[in-house]
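# here you go, sequence then predicted model.
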Amino acid sequence: MTTADRRGPERELWVEDPVGRPRLPDPVRTAAVRAVILTSLTLIATTVAFLCTVAGSSLAFPMVLASVGGTVVSTWGALDVWVTRQVWNQRHGVVSSPRSTARRLRKERRQARRQAKRTGREPARARPGTSQGDVAGVRV
């Protein structure tokens, strides 16, 4: 019996498991990593400030100031993740379900435009400041 027979069937070194949700977009992930690093540095500065205070070191006051500044920067980092995520969703859209009302309305508008092109006239579009019953700003 050879060594290969005793080991059993060959397995792959790396097997990808399906994940329940897709990974974050790159800009959002970058902002999240930045926020985690800022938060960890703030926690380290806070711990050092506490230990310096207990020991009576002269570094205690500067470290407390660094901890307060780090808290402000960490809060900014968390807000940056949130804003980056919102911007990504607005620019690239969110996944809509087939039952979505917006999708149905878009489909109806697209069909109306195609129908209007077939009949040879441009569909009427509402202009800003005019209501549905207005034509070129004149009430009907």
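Yep, that arrived.
# centre-most residue in this structure?
The centroid of the chain falls nearest to residue 85 when counting by CA atoms, centre = their mean (2.2 Å).
# I'd like to know how far it sits from residue 91.
11 Å (CB to CB, to the nearest Å). Using the backbone N, CA and C atoms, a C-beta is placed for each residue, glycine as well.
# which element, helix or strand, includes the residue nearest to the centre of the chain?
Remark: residue 85 resides in helix 60-92, with elements defined by DSSP states H and E.
# packing partners for the helix or strand following that helix?
Downstream of helix 60-92, the next assigned helix or strand under DSSP H and E is helix 101-119. Packing contacts for helix 101-119, counted by 3 or more CB pairs under 8 Å, 6 or more residues apart in numbering; DSSP states H and E, involve no helix or strand.
# what mean pLDDT does helix 101-119 have?
Average pLDDT, helix 101-119: 85.
# picking that back up, chain neighbours aside, what residue packs nearest to the residue nearest to the centre of the chain?
residue 28 (5.0 Å; CB to CB, 6 or more residues apart in numbering).
# all good on my end, thank you.
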